[in-house]
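Build me a structure from this.
(chains A, B, C and D)
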There are 4 protein chains.
Amino acid sequence: MIDFALTPQQEELKERTASFIRDVVIPYEADTRKSAHGPSDALRDDLVNEAKKVNLLSPHIGTEYGGLGLDHRTKAIVFEEAGYSPLGPIALNIAAPDEGNGHLIEQVANEDQKEQFLRRMASGEARSIFTMTEPDGGAGSDPSMMKTIAQEDGDHYVINGRKWLITSADGARIAIVMARTLDANGVDVGASMFLTEVDVPGFAMVEVLDAMDSNAVGGHSVIDFENLRVHRTQVLGEIGRGFRYAQVRLGPARLTHCMRWLGAARRCHDIAVDYARQRQAFGKTLGEHEGIGFQLADNLAEMHACRLMIWQCAWVLDQGDQARTESSVAKLYCSEALGRVVDRSLQTLGGTGITSRTVVRQTYEDIRAFRIYDGPSEVHRWSIARQLLK
Amino acid sequence: MIDFALTPQQEELKERTASFIRDVVIPYEADTRKSAHGPSDALRDDLVNEAKKVNLLSPHIGTEYGGLGLDHRTKAIVFEEAGYSPLGPIALNIAAPDEGNGHLIEQVANEDQKEQFLRRMASGEARSIFTMTEPDGGAGSDPSMMKTIAQEDGDHYVINGRKWLITSADGARIAIVMARTLDANGVDVGASMFLTEVDVPGFAMVEVLDAMDSNAVGGHSVIDFENLRVHRTQVLGEIGRGFRYAQVRLGPARLTHCMRWLGAARRCHDIAVDYARQRQAFGKTLGEHEGIGFQLADNLAEMHACRLMIWQCAWVLDQGDQARTESSVAKLYCSEALGRVVDRSLQTLGGTGITSRTVVRQTYEDIRAFRIYDGPSEVHRWSIARQLLK
Amino acid sequence: MIDFALTPQQEELKERTASFIRDVVIPYEADTRKSAHGPSDALRDDLVNEAKKVNLLSPHIGTEYGGLGLDHRTKAIVFEEAGYSPLGPIALNIAAPDEGNGHLIEQVANEDQKEQFLRRMASGEARSIFTMTEPDGGAGSDPSMMKTIAQEDGDHYVINGRKWLITSADGARIAIVMARTLDANGVDVGASMFLTEVDVPGFAMVEVLDAMDSNAVGGHSVIDFENLRVHRTQVLGEIGRGFRYAQVRLGPARLTHCMRWLGAARRCHDIAVDYARQRQAFGKTLGEHEGIGFQLADNLAEMHACRLMIWQCAWVLDQGDQARTESSVAKLYCSEALGRVVDRSLQTLGGTGITSRTVVRQTYEDIRAFRIYDGPSEVHRWSIARQLLK
Amino acid sequence: MIDFALTPQQEELKERTASFIRDVVIPYEADTRKSAHGPSDALRDDLVNEAKKVNLLSPHIGTEYGGLGLDHRTKAIVFEEAGYSPLGPIALNIAAPDEGNGHLIEQVANEDQKEQFLRRMASGEARSIFTMTEPDGGAGSDPSMMKTIAQEDGDHYVINGRKWLITSADGARIAIVMARTLDANGVDVGASMFLTEVDVPGFAMVEVLDAMDSNAVGGHSVIDFENLRVHRTQVLGEIGRGFRYAQVRLGPARLTHCMRWLGAARRCHDIAVDYARQRQAFGKTLGEHEGIGFQLADNLAEMHACRLMIWQCAWVLDQGDQARTESSVAKLYCSEALGRVVDRSLQTLGGTGITSRTVVRQTYEDIRAFRIYDGPSEVHRWSIARQLLK
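Numbering: from 1, shown residues only, chains lettered A, B, ... in the order given. You can find the predicted model right below:
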């Protein structure tokens, strides 16, 4: 039956997360242990420890591996609250790409792999990365253009290729590597995924890119695989099913982006509302000017639409469906609408908005990428249209 | 618990309504018993009889008065399906303003009044109107400017004034009259509502206005009250509480507009999708052109947002809350988003879109008013902003 | 040298046209000699006679054929003023498609043809039509799909096919017919244009379409060619060059649409500004509400952009250039921006806006087609992009 | 007469500037002499020397003081070309606020002041700043809230107050100081402007703000005036006329912002076009996807509108008019449209767009402030509406 009530457990988690963010995490925003690329691992470690104290670490991973084992709808509640600070997802261990990797590994990996990788991820000990995107000419919006190759070689695969825009690579311990796979006869058997430690021969961090967003620990990197050897026990799932697993990963991963960014946009909106209540211009508060008040009203309406889309898609996922169209619609809509929310919030702040006096400036820079990664708006529109027109 | 599943009863009603619209109502769209103002009462009578046969008449009125007694969420399901044809809401007896009047009377009227008025409305025998809006200088977006006056005179009130844009007045039997009220001493005691038959002395239909929309039986009229005498037993609720009752009426009335228009927009979208699948241009179908396909994808996303907002607001109403902000947000968002959906659908059709070959053309004209009545977008933005900034 | 000053002749023509529209034409807007499709020819005749009296008839045709022989920039000035009333272009004999036909004939026809056709068009005696568009399956946005065929037969061509959305056909005397041409051996030699009287065997008006816009005399029709025989002296220009001539026609024709619609949008804006100055709501005039005032400011900015684009494109045409990209950009931008201007004007008027109390309602309906004909926005975006990316 | 042709002198300047930017300035974009706030003065000095070599320094200042003495239309040509690189305006000595200050001083200052200040500005020896904006509670969008006070004291004025968001203050030599003025009796006689060296007692740079944009030498600073004494010979123009001079400054200053940002947006667009030509996805180039191509077409249309508005406003200024409405419309429109152009360009680049591989990322950050400074969009809409509704 159509229902929008939170369960008591959800209410409690929501309040606990909100308090944690407000009282514990937001004060860390002034912490200077950051580079131009993002917060340092030292800062992350402190935040993770804080989350452990209030039992909010790794809500997305099953309890058997040390997480909270929340369903998608409850994650929607908790992740939105966590996103209220750029440091919140880091504290709860639910930042991209680690969060999506955890979900994927839990769905696809075997028990040995889960023991080796997932448990360390759940505890916050090890961060993981997802290496799919390649420089121009390779896999971007169109993953079928992938150039990185894994060549079967006895019990091993030998991987060569360049990846880029690999988020949070600097300082990560674990990697999911995606590559086109050639069997012993050199026949292309499709893309595959491999699990590996990062600190191994053949895994080279080339460069941390200078990028507009700065909310990811470690920024975005270029990585070279130079004869990286992985054993066949490191294959995630089965050889040749890499793109299917990417889909398993993508639906929920897209949606958790929406959740976190909804929280971030709400933060900006709240800052703008506060400012509009106090700042005077032309004889009244900013908020009393319809030109500002109307923008805040639109913020409210669009955030409401985003939240409902997220909840609905989470519900579909909770029914066991992959929610491909729903997650595509949610990603498209939220990335565009929440970008507008942050933009209007910044505009409300006037000159203050372009300074670092509030978190709005960073959020404006950070959220721009949301319209691009995990499928740019154009790819989602294309994909939704194709579904529609079938 | 957050849930988006329909109950079996809702599923059955949805399917029954959809079949009725598709198989019975849509064929009536070619019926020529219409004027430039809208369908005739003769056509309406036939449609109402059809709805009776499948037991879908008056779903919004309590079973004790002859309706189906649906809650708001179930109305959301049924009304969206009904809106799929411009004639659907007429058939089900849920067109504005009658539908909202029924709801208001059921909430506020006494038993005698319900017997006299509501029962005839539920059976489809009598259509009702709501006379609030006045010509320039009087009550429009700002109801406090109301100039129509009800002067207490013993056991009666004598009403004088001009109303305009009174929807479906031509052919209606019952009216809710709104007027500023002066007591016996000439003191303004606030706005009041009165229930009256239309065919009485002092109630004069001056003109049926030439207007852009043509989906309402009877169009929109100018009405003059010239010493219209109503007995105090005709007061709806209590004297002086007219604006409060207007609020009781408005929340749900706004939302049922959203429901019906969502169905209408979906119809246009479906027509556009069909056309985009078949029509060729520049070597492929229209839909394969991203310039068209992307518009259809945006249609889907925005209709999805509208439906979720409607359901959420209906749920709030079902909890017994007035849902003032929720219904304001839903009305603002749906009126703008659904207008865009219809516009994109028309654009997809090209030259065909501006002809009467499809219902899109009429819907384009009809839906424009939705951004204006029941509070134009500007009033809703102002009201939402005021709530936000408190 | 970059200059935006009008010449004294332009100033005088502008003022004369503005006065004529204000004092003579606008009073005719109440004339009831109209159908649902548009003004009658009787009304047109009166208007044309009025324009003759003030020497404003046929400003687009050369003086040797009875027009005023204005260059494109001066047309921009005059046509904008004429567009200020939906009847203005009819009065000045510069409504589509007649105006574009006159330009094309003047460019391409031989002297005999000009004497036979152009002179009667310039005097207002005969209206002309342009038959290119076909029903679904035929030539629409993609003219290469044309199905109408002209078969060479000795000194004649025999034309068969169906055209639709042929503007102003009812009552027209002269037609430019476009058809794919087969030579005596049945070889397709490309599209050609033919000049013909309308009142001849084989030229059948099938239906006047019911359409949303109602500003064209005669509305839009379906026309069947059933063995329409035209002599080779009726070929316009050369056989096989139909699409090139369509381009000759289209650039200036698109631009004159922009000119007329700019005037129409300015009329709506002026009505909205007047209303916003006077109508009170919530304690001040509508215009003092930023929510309305800001919309009017955006109107001003976008009309300004449109006017400048029109002038610049007219200047390019006056240099002898075809201005294909400029006219495409102007048509795309003006159709979308002026549609927004009219929409905001209507919104400012509130309920009044959807009634026929002002010309805004009709303009809202009329201007919608502007985003579709002469290339829908999507085709212009595609064409501009192709140029860009070469 | 309406004309869009460049004069031979304008053509030559355009080509010379374009070559200079392309061949000399753009290579400096890789120069590392920058901080997070902007380019260093050392880098600026090199750029200025380069511009001197090709005789492009200070095109906005009269020849008698060492500039090129261009009129507004010619500035429009040259400044757009200069804006093609973020370093171009710095090289030509036409970056804000220095450029606007030069114009103001040339209009208002006396000969002694011009000799002392303007000559050093024209030669590039000294950069100047404009201190009007104050922290929250003081002068921002509403200059009438100014709190900084200049107290008359014999032949001097003693200035106290805090300014913020003072662009390019770090390293500047000359300041225009704006302050409310109290005469010897403490009577407020209105705002005044004063010319001063920066390196004097009472002029304290408090902080360089951390801000989103990084194209201004010296970034944006907080400045405290603590008993800053200025002699009455340092009054710019007359006491009490500060706001009038601000208007003298603002019209042209707004417009030169539009010119520079048009060049910057065009650069981004060109980068996007190049990328769209080469990058493949889903079997064709990005540009062949309508979803991308259409965005580039909209870029072209909106840049065209911006350029025409700039030229028209420059022409009005060249007629000796203050162009208050025209410059307000141009600033409003260009800041919003060019922001969209840069946004679409970034989107076209996908993941590359958020990295520093191209100048698009910086431009995206830099241009956001353009919708805020020199009057945010909301103030311009308000001001235009007030003009409209008079």
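
tell me the helices in the stretch 51-200 of chain A, going along the chain?
Using DSSP state H, counting those that start in this stretch, the helices of the stretch 51-200 of chain A run over residues A:72-82, A:88-91, A:98-108, A:111-113, A:119-122.

swap in the stretch 251-390 of chain A?
Under DSSP H, counting those that start in this stretch, the stretch 251-390 of chain A gives helices at A:290-318, A:324-349, A:360-367, A:377-389.

Can stretch A:357-377 be said to contact chain D?
Yes - using CB under 8 Å from any CB of the partner chain, stretch A:357-377 reaches chain D at A:Arg361, A:Tyr364, A:Glu365, A:Arg368, A:Ala369, A:Arg371, A:Ile372, A:Tyr373, A:Pro376, A:Ser377. Every C-beta, even on glycine, is put in place using the N, C-alpha and C of the backbone.

got the end-to-end distance for that stretch?
31 Å (CA to CA, to the nearest Å).

what is the mean pLDDT for that stretch?
Per-region confidence: stretch A:357-377 scores 97 on mean pLDDT.

what's the spacing between that stretch and its chain's center?
How far stretch A:357-377 lies from its chain's middle: 12 Å, per CA atoms, centre = their mean, to the nearest Å.

Count the neighbours of A:Asp45 for me.
14 (other CB atoms under 10 Å in any protein chain shown).

quick one: which helix or strand includes it?
Secondary structure assignment for A:Asp45, by DSSP states H and E: helix A:41-53.

Now that helix: buried residues?
Using 16 or more other CB atoms under 10 Å in any protein chain shown as the test for burial, helix A:41-53 gives A:Asp41, A:Leu43, A:Arg44, A:Asp46, A:Leu47, A:Val48, A:Glu50, A:Ala51.

Of the helices of the stretch 51-200 of chain A, which is nearest chain C?
helix A:72-82 (30.0 Å; CB to the nearest CB).

ok, residues contacting the helix holding A:Asp45?
With contacts defined as CB atoms under 8 Å, 6 or more residues apart in numbering or on different chains, helix A:41-53 is touched by A:20, A:24-25, A:28, A:31, A:33-34, A:57, A:87, A:90-93, A:124, A:127, A:171, A:217-218.

Counting neighbours, which of these end up buried?
A:20, A:24-25, A:28, A:57, A:87, A:90-93, A:124, A:127, A:171, A:217-218.

Identify the residues contacting the residue positioned nearest the centre of chain A.
Nearest to the geometric centre of chain A sits A:Ala96, at 3.0 Å (CA atoms, centre = their mean). Shown in contact with A:Ala96 (CB under 8 Å, 6+ apart): A:Pro89, A:Thr167, A:Ser168, A:Ala216, A:Ala253, A:Thr256, A:His257, A:Arg260.

Contacts (any at all) between chain B and stretch A:305-312?
Yes - Stretch A:305-312 lies within reach of chain B by CB under 8 Å from any CB, at A:Ala305, A:Leu308, A:Met309, A:Trp311, A:Gln312.

By proximity to chain B, which residue of the stretch 51-200 of chain A wins?
For the stretch 51-200 of chain A, CB to the nearest CB, closest residue to chain B: A:Arg73, 4.8 Å.

Could you check the pLDDT of A:Gly140?
85.

gap between it and A:Ser383?
15 Å (CB to CB, to the nearest Å).

With A:Ile94 instead?
In terms of CB to CB, A:Ile94 sits 26 Å off from A:Ser383.

ok, now A:Gly88?
Distance from A:Gly88 to A:Ser383, by CB to CB: 30 Å.

between these two, who's got more neighbours?
Taking other CB under 10 Å, A:Gly88 and A:Ser383 do not tie; A:Gly88 has more neighbours (32 against 18).

Would you enumerate the residues in contact with whatever residue of chain A ends up closest to chain C?
Here chain A gets closest to chain C at one residue, A:Glu290, 3.8 Å apart by CB to the nearest CB. Contacts for A:Glu290 (CB under 8 Å, 6+ apart) come out as B:Glu378, B:Arg381, B:Trp382, B:Ala385, C:His289, C:Glu290, C:Gly291, C:Phe294.

Of these, grab the buried ones for PyMOL.
With 16+ other CB under 10 Å as the burial test, the buried ones among those are selected in PyMOL as follows:
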select buried, (chain B and resi 378+381+382+385) or (chain C and resi 289+290+291+294)
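
if we can go back for a sec, quickly name whichever of the residues of stretch A:357-377 next to chain D is closest to chain B.
A:Ser377 (8.9 Å).

so that closest one touches A:Ser383, yeah?
No - counting by CB atoms under 8 Å, A:Ser377 does not reach A:Ser383; the two are 10.7 Å apart.

okay, and the common contacts of these two?
By CB under 8 Å, 6+ apart, no residue touches both A:Ser377 and A:Ser383.

hmm, back to that, out of the buried ones among the contacts of helix A:41-53, which are inside strands?
Judged by DSSP state E, strands contain none of the buried ones among the contacts of helix A:41-53.

Can you pull the phi and psi angles for the residue of chain A positioned farthest from its centre?
No residue in chain A has its C-alpha farther from the mean C-alpha position than A:Gly283, which lies at 43.3 Å (CA atoms, centre = their mean). Backbone torsions of A:Gly283, given as degrees, to the nearest 10, read phi 90, psi 0.

distance of it from chain B?
Separation of A:Gly283 from chain B (CB to the nearest CB, to the nearest Å) stands at 16 Å.

cool, A:Asp41 as well?
Taking CB to the nearest CB, one finds A:Asp41 at 35 Å from chain B.

On the pLDDT front, check that residue for me.
Model confidence at A:Asp41, expressed as pLDDT, equals 97.

Likewise for A:Arg73?
98.

thinking again about what came up before, filter the contacts of A:Ala96 down to just the buried residues.
Buried among the contacts of A:Ala96 by 16+ other CB under 10 Å: A:Pro89, A:Thr167, A:Ser168, A:Ala216, A:Ala253, A:Thr256, A:His257, A:Arg260.

out of those, which one sits closest to chain D?
Distances from chain D to these, taken by CB to the nearest CB, are shortest for A:Thr167, at 10.4 Å.

list the contacts for the closest one?
Taking CB under 8 Å, 6+ apart, one finds A:Ala96, A:Pro97, A:Ile129, A:Phe130, A:Ala216, A:Gly218, A:Gly219, A:His220 in contact with A:Thr167.

same deal with A:Thr348?
Counted by CB under 8 Å, 6+ apart, A:Thr348 has contacts A:Ala272, A:Tyr275, A:Ala276, A:Leu286, A:Ile292, A:Gln295, A:Leu296.

how does it look with 10 Å?
A:268-269, A:271-276, A:279, A:286-287, A:289, A:291-293, A:295-296, A:299, A:360, D:376, D:378 (CB atoms under 10 Å, 6 or more residues apart in numbering or on different chains).

Quick one, grab the pLDDT at A:Arg33.
pLDDT, A:Arg33: 96.
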